[in-house]
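Enquirer: Got a predicted structure here, sequence first:
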Amino acid sequence: MSAFFLAFLSCLGMTFAGREQVLVARLSGRLGQGRGLLVLVWLSSIGTSALAAWLAKSMTPLLVPTARQLFVGFALGLAGLDLLLGRQRRLPVEPTRSLGAIGLVLFTGQLTDSARFLILALSVLTGAPFWVASGGIIGSGAALTVAWMAGEFWEKRLPLRVFQYVAGGLFLLASVMVLLFAKGLVD
């Protein structure tokens, strides 16, 4: 159960700092708070989190314990770099109202975001992909739901770049610590 809470809190924070919540807030502000967008947010969170957990479950038996730790360190590093170096997408002048197109953009964006790297890493580390994916789904979905509710006020009221830099720096630090521990340089 601790894997669930760790994934929930981490994915909640990562999604608040990520790019997809800005996209959801912009679409919600521009197109209105339609329930279709909210359903897509949750379906995308479910699909991408489940896919990351399934990939981790498939990989875990192939990795020896030291390789698992190295993998977790590299995944945390990628998540941190994604937050630090990631740029916000521009919203098209006339955004589409097609739920299929919006869903595809959300799904592909979430598939490679820092929260999915985190779900992958935590699933490999804990060996509990179901609980990690469940926590990731609820954490990411909740953060995106808040962005959906805030709409156009999301970017105006929150220091998003500060969130990105702090979260990215913390995940890079965690990556370095895990890699040092895996190599036996820190006990």
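Expert: Cool, got the structure.
Enquirer: tell me the phi and psi of G18?
Expert: For G18, the backbone dihedrals (degrees, to the nearest 10) come out as phi -80, psi -170.
Enquirer: Nearest spatial neighbour of it, chain-adjacent residues omitted?
Expert: D113 (5.1 Å; Cβ to Cβ, 6 or more residues apart in numbering). All C-beta atoms are positioned from the backbone trio N, CA, C, and that covers glycine.
Enquirer: Point out where this protein drops to low pLDDT.
Expert: Counting by pLDDT under 70, the chain contains low-confidence residues at 88-95.
Enquirer: can you give me the helices in this protein?
Expert: 2-17, 20-31, 35-59, 65-85, 99-111, 114-126, 129-150, 153-157, 160-182 (DSSP state H).
Enquirer: Return the distance of the spatially closest residue to L6 that is not a sequence neighbour relative to F74.
Expert: Leaving aside its sequence neighbours, L6 sits nearest to L122 (Cβ to Cβ, 6+ apart; 6.4 Å). Here L122 is placed at a distance of 14 Å from F74 (Cβ to Cβ, to the nearest Å).
Enquirer: the more surrounded of those two?
Expert: Between L122 and F74, counted using other Cβ atoms under 10 Å, L122 has the larger neighbour count: 29 against 16.
Enquirer: Give me the contact list for stretch 65-76.
Expert: 59-60, 63, 117-118, 120-122, 124-125, 171-172, 174-176, 178-179, 181-182 (Cβ atoms under 8 Å, 6 or more residues apart in numbering).
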